[in-house]
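Visitor: here is a sequence with its predicted model. Questions after.
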Amino acid sequence: MKYKTLIFTALMLMVGRVAQAEQIGSVDTVFKMFGPDHKIVVEAFDDPDVKNVTCYVSRAKTGGIKGGLGLAEDTSDAAISCQQVGPVELSDKIKNGKAQGDVVFQKRTSLVFKKLQVVRFYDAKRNTLAYLAYSDKVVEGSPKNAISAVPIMPWRE
C-alpha cells in the first residue's frame with residue numbers, strides 16, 4: 001500500500017501543475033429534445049506558473065443523450081484569449097527557458113481518447129507569453145488551433 005501511494009505521488013509530480021478552469025458562462029447552439037443542448041462553453045483559468053495571467057477558453061460541448069452521459073466526443077473547435085490582470089511574475093524556470101511548451105490546461109473532450117490542451121511558450125526576445133490551444137487524440141489529432149499572446153508590460157493601476 002505504501003508503494004502505491006509513493007508511485008502515485010511521483011507520477012503527479014512528473015505531470016506538473018495544470019490549471020483548473022472555472023466556467024464563466026455558456027450559450028446554446030442546437031436544441032436537443034432529449035438531454036442537454038449543444039453549446040459553447042466559456043471557461044477561465046489562471047496560469048499556474050505565471051502570476052496574474054488569466055486565459056479564457058471557449059469550446060464546443062456536445063449535448064444530447066450521449067453528451068449528458070459524458071459519452072459524446074466534442075468537436076475540436078476552441079478559441080483562446082489570455083490577459084495580464086496584474087503585475088506579471090515569471091518563475092525562474094520560465095525565465096531560463098526550461099518551461100517551453102508546458103501544458104498549463106487540459107480538458108477531456110471525449111470519454112477516453114481526446115482532450116483540449118493549452119500550452120505556454122515564452123518568447124524572451126519579445127518578452128511575451130504565447131498560449132496555444134489545440135485538441136489532440138490518441139490516434140489522430142486536429143490541426144484546428146488558436147493562439148493568444150500576452151506581452152509582459154509594467155503594470156499600472
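Guide: Perfect, I can see it now.
Visitor: and the spatially most central residue of the chain, how close does it get to Glu43?
Guide: The residue lying closest to the centre of the chain (Cα atoms, centre = their mean) is Phe105, at 3.1 Å. Note on Phe105: its distance to Glu43, by Cβ to Cβ, to the nearest Å, is 9 Å. For the C-beta atoms, the positions are set from N, CA and C on the backbone; glycine is no exception.
Visitor: which neighbours do the two share?
Guide: In terms of Cβ atoms under 8 Å, 6 or more residues apart in numbering, Phe105 and Glu43 are both contacted by the residues 21, 57.
Visitor: all helices for the protein, in order.
Guide: Along the chain, counting by DSSP state H, helices occupy 2-15, 64-69, 92-95.
Visitor: for Val119, list each beta-bridge partner.
Guide: Beta bridges link Val119 to Val103, Leu132 when assigned by DSSP bridges.
Visitor: now do the residue nearest to the centre of the chain, the pLDDT please.
Guide: Phe105 is assigned a predicted lDDT (pLDDT) of 92.
Visitor: pull the contacting residues for the nearest residue to it once chain neighbours are set aside.
Guide: Leaving out its chain neighbours, the residue that sits closest to Phe105 by Cβ to Cβ, 6 or more residues apart in numbering is Val118, at 3.9 Å. If you count contacts by Cβ under 8 Å, 6+ apart, Val118 has them with 45, 55, 57, 80, 103-106, 131-133.
Visitor: one step back: contact partners for the residue nearest to the centre of the chain?
Guide: By Cβ under 8 Å, 6+ apart, the neighbours of Phe105 are 18-19, 21, 45, 55, 57, 116-118.
Visitor: please write out the alpha-carbon positions of stretch 120-133 in PDB.
Guide: Coordinates of each C-alpha in stretch 120-133 appear next as PDB, following Å, rounded to 0.1, in the frame of the first residue of the first chain:
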ATOM      1  CA  ARG A 120       2.500  28.100 -22.900                       C
ATOM      2  CA  PHE A 121       5.700  29.300 -24.700                       C
ATOM      3  CA  TYR A 122       7.900  32.200 -23.500                       C
ATOM      4  CA  ASP A 123       9.300  34.500 -26.200                       C
ATOM      5  CA  ALA A 124      12.300  36.000 -24.300                       C
ATOM      6  CA  LYS A 125      13.300  38.200 -27.300                       C
ATOM      7  CA  ARG A 126       9.900  40.000 -27.300                       C
ATOM      8  CA  ASN A 127       9.200  39.500 -23.500                       C
ATOM      9  CA  THR A 128       5.900  37.800 -24.400                       C
ATOM     10  CA  LEU A 129       4.000  34.700 -23.400                       C
ATOM     11  CA  ALA A 130       2.200  32.800 -26.100                       C
ATOM     12  CA  TYR A 131      -0.600  30.400 -25.300                       C
ATOM     13  CA  LEU A 132      -1.600  27.800 -27.900                       C
ATOM     14  CA  ALA A 133      -5.000  25.900 -27.700                       C
END
